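# Fold the stuff below for me.
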Amino acid sequence: MTAAQAWSASLGRDAKADEAIARYVGMPVNEPHTDLPILVRDDVVFILDRHPEAITWHYIVRSDRRFWILDFGLLSRP
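Modelled structure (predicted):
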């Protein structure tokens, strides 16, 4: 919350707070040469890399006949 308060008080101009927020919400870092998100292998698939400080997010996606529960905390590296 401190990073969010600092970012808001700076009207979105605080780069350090912006980077901290990105880490906490699990935004992947971009590969410097391609500017694409860094992927890591998870068994037989590749997933977006997450910072170890990322908060675990739980989502439920509902539709007319089915729903999915996505636990993004499971996608992070130990």
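# Now for this protein: which helix has the highest residue count?
helix 15-24 (DSSP state H).
# Can you tell me what sits against that one?
Taking contacts as CB atoms under 8 Å, 6 or more residues apart in numbering, the residues outside helix 15-24 that touch it are Ala3, Ala4, Ala6, Trp7, Ser10, Gly12, His51, Glu53, Ala54, Ile55. Where you see a C-beta, it was placed from the backbone N, CA and C, and this is true even at glycine.
# burial count for Ile55?
As a burial measure, Ile55 scores 13 neighbours (other CB atoms under 10 Å).
# Surely it and Ala3 touch.
No: the criterion here is CB atoms under 8 Å, and Ile55 misses it with Ala3 at 11.7 Å.
# tell me what the host helix or strand of Trp7 is packed against?
Assessed by DSSP states H and E, Trp7 sits inside helix 2-9. Contacts defined by 3 or more CB pairs under 8 Å, 6 or more residues apart in numbering; DSSP states H and E place helix 2-9 against helix 15-24.
# Run the angle between the helix it packs on and helix 2-9 for me.
With axes from the mean of the first three to the mean of the last three CA atoms, to 10 degrees defining the directions, helix 15-24 sits at 130 degrees from helix 2-9.
# one step back: the helix holding Trp7: how far from the chain's middle?
Taking CA atoms, centre = their mean, to the nearest Å, the mean C-alpha location of helix 2-9 is offset from the chain mean by 18 Å.
# Quick check: mean pLDDT of it?
Mean pLDDT, computed over helix 2-9, is 92.
# and that helix, which residues are buried?
Residues of helix 2-9 classed as buried: Ala3, Trp7 (neighbour count, 16 or more other CB atoms under 10 Å).
# contacts for that helix?
For helix 2-9, using CB under 8 Å, 6+ apart, the contacting residues are Asp14, Lys16, Ala17, Asp18, Ala20, Ile21, Tyr24.
# Let's see that with 10 Å instead.
Residues from elsewhere that reach helix 2-9 (CB atoms under 10 Å, 6 or more residues apart in numbering): Arg13, Asp14, Ala15, Lys16, Ala17, Asp18, Glu19, Ala20, Ile21, Ala22, Arg23, Tyr24.
# No more questions from me, cheers.
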